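Student: Sequence first, then the predicted structure:
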Amino acid sequence: MPGKIVINDKTIAFLEKIIELSGETITLCDQCGTCSGGCPVIHEMDITPSQMMHKVQLGQEDVLESKTMWLCASCNTCTVRCPRGLDVAKVAEALRQVKLRQSIDNVDLNSIPKEDLRELPPIAIIAANRKMIS
């Protein structure tokens, strides 16, 4: 049944893993949406940062298929504005770590045309390697 929330050992284990990796008490998030309201790249995301946090709270591993965690700029606007003091960027980083540990590369630098590689700022290439390649 779509939309059904299931809490079981697997969903709890996923939540606990993200808490461990991020160091954030994700269950404190009360879904106020402040993180989403201040996010400078939200227009590119498929789910909002608050939706990402909610999915993690519920242990929904399908959050790993979202592009939101990859688009997080780690600008810390969400952290500064969060009334609970949560660092959403750390949660996004923890999700990226879990996804990368599945050994699935999300970008292939060899598929980028050489002309484009010459034009890209080196920091963009480094960031892509750090964030998207296992």
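Tutor: Done, it's in.
Student: any idea which helix or strand carries the residue nearest the centre of the chain?
Tutor: The chain has residue 69 as the residue nearest its centroid, 2.3 Å off, counting by Cα atoms, centre = their mean. Here residue 69 sits within helix 68-71, counting by DSSP states H and E.
Student: Tell me the gap between that helix and the middle of its chain.
Tutor: Chain-centre distance of helix 68-71: 5 Å, with Cα atoms, centre = their mean, to the nearest Å.
Student: which helices and strands sit right next to the helix or strand following it?
Tutor: Along the chain past helix 68-71, the next helix or strand (assigned with DSSP H and E) turns out to be helix 77-81. Applying 3 or more Cβ pairs under 8 Å, 6 or more residues apart in numbering; DSSP states H and E, one finds that helix 77-81 contacts helix 34-38, helix 88-100. All C-beta atoms are positioned from the backbone trio N, CA, C, and that covers glycine.
Student: so what secondary structure elements neighbour the shortest one?
Tutor: What that stands for is helix 34-38. helix 49-57, helix 77-81.
Student: want to throw those helices into TSV with distance to residue 95?
Tutor: Listed next are those as TSV, based on distance: least, Cβ to Cβ, whole Å:
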stretch	distance to residue 95
helix 49-57	7
helix 77-81	14
